[in-house]
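>>> Need coordinates for the below:
(chains A and B)
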2 protein chains.
Amino acid sequence: MRYVVKTDAVVEHVHFRGADPPDLIARKALRVNVSDLSAKGATPVCYTLAAMLPERIDDAWLEKFSAGLAEDQRRYAMHLIGGDSTRSPGPIALSITAIGRIRQGRIVRRSGARVGDRIFVSGTVGDAALGLAVFDGRLTGISREHESALTRRYLLPEPRLTLGLSLPGLASAALDVSDGLVGDLEHIVEASGVGAEVDAAAVPLSAAARDIVDSAPIWLQTIVTGGDDYEILFTAPAERAGAVTEAARSSATPVAEIGRIVDGRGVRVRTRNGGELDLPRTGYRHF
Amino acid sequence: MRYVVKTDAVVEHVHFRGADPPDLIARKALRVNVSDLSAKGATPVCYTLAAMLPERIDDAWLEKFSAGLAEDQRRYAMHLIGGDSTRSPGPIALSITAIGRIRQGRIVRRSGARVGDRIFVSGTVGDAALGLAVFDGRLTGISREHESALTRRYLLPEPRLTLGLSLPGLASAALDVSDGLVGDLEHIVEASGVGAEVDAAAVPLSAAARDIVDSAPIWLQTIVTGGDDYEILFTAPAERAGAVTEAARSSATPVAEIGRIVDGRGVRVRTRNGGELDLPRTGYRHF
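Have a look, this model is predicted:
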């Protein structure tokens, strides 16, 4: 047995809004880390929490926050093994380090994609970014039902734990989509020394996202570059496509094939008319 | 072999100043965690870093920061195994999770203090808090040499790694002094269900702190309650005092006996005249 250690931080105004329900903030902070473990094929075990909290945080907020943590600890069978809480003069910032276990040699890395591999993603893409646009007032004129579906995706990700457990031995590379489909696919191709072509028409969309793109295609850019999806993006050899379908079925998780790994560098998104989607550079340098 | 996992965050304006040299900020962030491992009797192995950075952070800052991390990674034979960097609209915030190893059953907890145990602390107490007072302009009129000694203690803690390794089997309880001598002793007595009496005259002071207290005794409060010392505070049975002296000698670390564990609750600091030092309540609630 080996341990996998992942650290992901969420910051108010960046990954959640200060007015979001405290229990959902707690659950999102934990789930982005569970999602990260899942994409490695690991099973969550325990975690630590560093909570940096401004003065305005009161006991009522903390109680709801703790209740949210407790709920998801039960859901994912994880326990809190320590941490730190400190006052901060800034936004609420929560850094969680999650520890998972995995059988030796089974971890799925981001560097294993090979030319000819197919690219897959779970669930639907872009809902969280559209949900944030609803919250921000940038996306209006859609039904209440769609609004609610999209904002829910932003507030509370659903880690793909069961699918993740079937990836070791199947996926050549994997990660969870936190920075956006294109940005995270860039992480895979950079680490693997290859390029990627995505077929825009194959990117799986929710009913809400489909309606929005049909009436205003410009939102497709937001969908493929927006963050916070926490779906699993992975590659697998073309001849394992059947095994991917079987893993999707047995984990009851929708999985779509969206493109393939090619010679070269970078990520291109092909549109229906054979053109290439214009992508804004995200440009945030991780170190 | 068992692993110990500790998470400590440092936040600009709270644990360091934005204008501090970036390499020292990095080293302090790592060292507060090394210090935490040391107080458990663990040997550092690796760590993760979540860096939450405002827009103003540029490549030059990041280079110096990375150089500081690299230097202390070598010093403590630790490697960075992962992490997260994210833009933040707030102060610089750095959360590190450090992983150490320890032989099974050898971890030193904070809950083992028993009535009659003696209380010990390494090094000198209060220098970092006085150094911060120098930076803030609250403490003036002292020599350049003293200023430099005190501010250096604030900027760059020295974890007591070698002493820490001798504590398993010797100390009944231990932790590192991050919240202040009294505040951290409160953590020990609360976890152990006992009380503590500290002899103010026995609290080890640097030459600079001694001069300051001699001319203005009011600074004693800052010294015993101020944070950021990162010395090891521990308790041991009275009959092990000789072994404590030997551990101090063999680790070349000054250790002072400053009081004893008593029946009751809370921490009292006895002054030279037999009175009790008036302590401001720190009151920050960890959860």
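
>>> I'd guessed A:Val255 sits against A:Ala248; true?
Yes - using Cβ atoms under 8 Å as the test, A:Val255 is close enough to A:Ala248 to be in contact (3.8 Å). Bear in mind the C-beta positions are built from the backbone N, C-alpha and C, glycine included.

>>> Spit out the residues that contact the two alike.
Any residue near both A:Val255 and A:Ala248 by Cβ atoms under 8 Å, 6 or more residues apart in numbering or on different chains counts here, and that gives A:Ser122, A:Leu163.

>>> more neighbours, the two?
Of the pair A:Val255 and A:Ala248, A:Val255 is the one with more neighbours under other Cβ atoms under 10 Å in any protein chain shown, namely 21 against 17.

>>> Distance check, that one against chain B.
Computed with Cβ to the nearest Cβ, to the nearest Å, the distance linking A:Val255 and chain B is 26 Å.

>>> do the same with A:Gly18
Relative to chain B, and taking Cβ to the nearest Cβ, A:Gly18 is found at 11 Å.

>>> residue contacts, the closest residue to that residue other than its chain neighbours?
Nearest non-adjacent residue to A:Gly18, counting by Cβ to Cβ, 6 or more residues apart in numbering or on different chains: A:Glu12, 4.9 Å away. Taking Cβ under 8 Å, 6+ apart as the definition of contact, the neighbours of A:Glu12 are A:Gly18, A:Pro91, A:Ile92, A:Ala93, B:Pro89, B:Gly90.

>>> So what's the residue count around the first one?
By that I understand A:Gly18. Neighbours of A:Gly18 using other Cβ under 10 Å come to 13.

>>> Confirm for me that it is in contact with A:Ile92.
Yes - the pair formed by A:Gly18 and A:Ile92 meets the contact definition of Cβ under 8 Å, at 6.5 Å.

>>> How about the residues of chain A by chain B?
Within chain A, the positions lying close to chain B (Cβ under 8 Å from any Cβ of the partner chain) are A:3, A:5-9, A:11-15, A:46, A:48-52, A:62, A:66, A:81-91, A:93, A:95, A:97, A:99, A:284, A:286-287.

>>> So which of those are in helices?
Residues of those located in helices (DSSP state H): A:Leu62, A:Ser66.

>>> Narrow the residues of chain A next to chain B to just the buried residues.
A residue is treated as buried here by neighbour count (16 or more other Cβ atoms under 10 Å in any protein chain shown); on that basis the buried members of those are A:5-9, A:11-12, A:14-15, A:46, A:48-52, A:62, A:81-86, A:88, A:90-91, A:93, A:95, A:97, A:99.

>>> Give me the subset of the residues you listed that lies in strands.
Of those, the ones assigned to strands by DSSP state E are A:5-9, A:11, A:46, A:48-52, A:81-86, A:93, A:95, A:97, A:99.

>>> what phi and what psi does the backbone show at the residue most central in space within chain A?
Among the residues of chain A, the one closest to the centroid is A:Tyr230, at 1.7 Å (Cα atoms, centre = their mean). Here is the backbone geometry of A:Tyr230 (degrees, to the nearest 10): phi 60, psi 40.

>>> can you pull the pLDDT of it?
We have a pLDDT of 96 for A:Tyr230.

>>> Quick check, it in contact with A:Leu175.
No - the pair A:Tyr230 / A:Leu175 is not scored as a contact, 10.6 Å apart, by Cβ under 8 Å.

>>> In TSV: the contacts of A:Glu12, plus distance to B:Leu279 and pLDDT.
As requested, the contacts of A:Glu12 are exported to TSV (distance: Cβ to Cβ, whole Å; pLDDT from 0 to 100):
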residue	distance to B:Leu279	pLDDT
A:Gly18	34	93
A:Pro91	32	96
A:Ile92	30	97
A:Ala93	30	97
B:Pro89	36	93
B:Gly90	31	93
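
>>> Nearest residue to whichever residue of chain A sits closest to chain B in space, ignoring adjacent ones along the chain?
In chain A, the residue found nearest to chain B is A:Gly90; the distance is 2.3 Å by Cβ to the nearest Cβ. Taking Cβ to Cβ, 6+ apart, and ignoring the residues beside it in sequence, A:Gly90 has B:Gly90 as its nearest neighbour in space, at 2.3 Å.

>>> for the one you found, what are its contacts?
The contact partners of B:Gly90, taken as Cβ under 8 Å, 6+ apart, are A:Val11, A:Glu12, A:Ser88, A:Pro89, A:Gly90, A:Pro91, A:Ala93, B:Met52, B:Pro54.

>>> Return the residues in contact with the first one.
In other words, A:Val11. Under the criterion of Cβ under 8 Å, 6+ apart, the contact partners of A:Val11 comprise A:Pro91, A:Ile92, A:Ala93, A:Leu94, B:Met52, B:Thr86, B:Arg87, B:Ser88, B:Pro89, B:Gly90.

>>> List the beta-bridge partners for it.
Note on A:Val11: beta-bridge partners by DSSP bridges are A:Ala93.

>>> Quick check: it vs A:Met52, distance?
9 Å (Cβ to Cβ, to the nearest Å).

>>> The last one now?
Counting by Cβ to Cβ, the gap from B:Pro54 to A:Met52 is 14 Å.

>>> Which stretches in the stretch 51-200 of chain A count as helices?
For the stretch 51-200 of chain A, the helices identified by DSSP state H, counting those that start in this stretch occupy A:59-76, A:127-136, A:144-155, A:161-165, A:181-192, in order along the chain.

>>> need those in CSV with distance to B:Gly266 and mean pLDDT, can you?
Formatted as CSV, the helices of the stretch 51-200 of chain A follow (distance: least, Cβ to Cβ, whole Å; pLDDT from 0 to 100):
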stretch, distance to B:Gly266, mean pLDDT
helix A:59-76, 22, 97
helix A:127-136, 47, 95
helix A:144-155, 42, 96
helix A:161-165, 45, 95
helix A:181-192, 52, 97
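
>>> Distance to A:Phe234 added to these, as CSV?
As requested, the helices of the stretch 51-200 of chain A are exported to CSV (distance: least, Cβ to Cβ, whole Å):
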stretch, distance to A:Phe234
helix A:59-76, 21
helix A:127-136, 19
helix A:144-155, 20
helix A:161-165, 9
helix A:181-192, 8
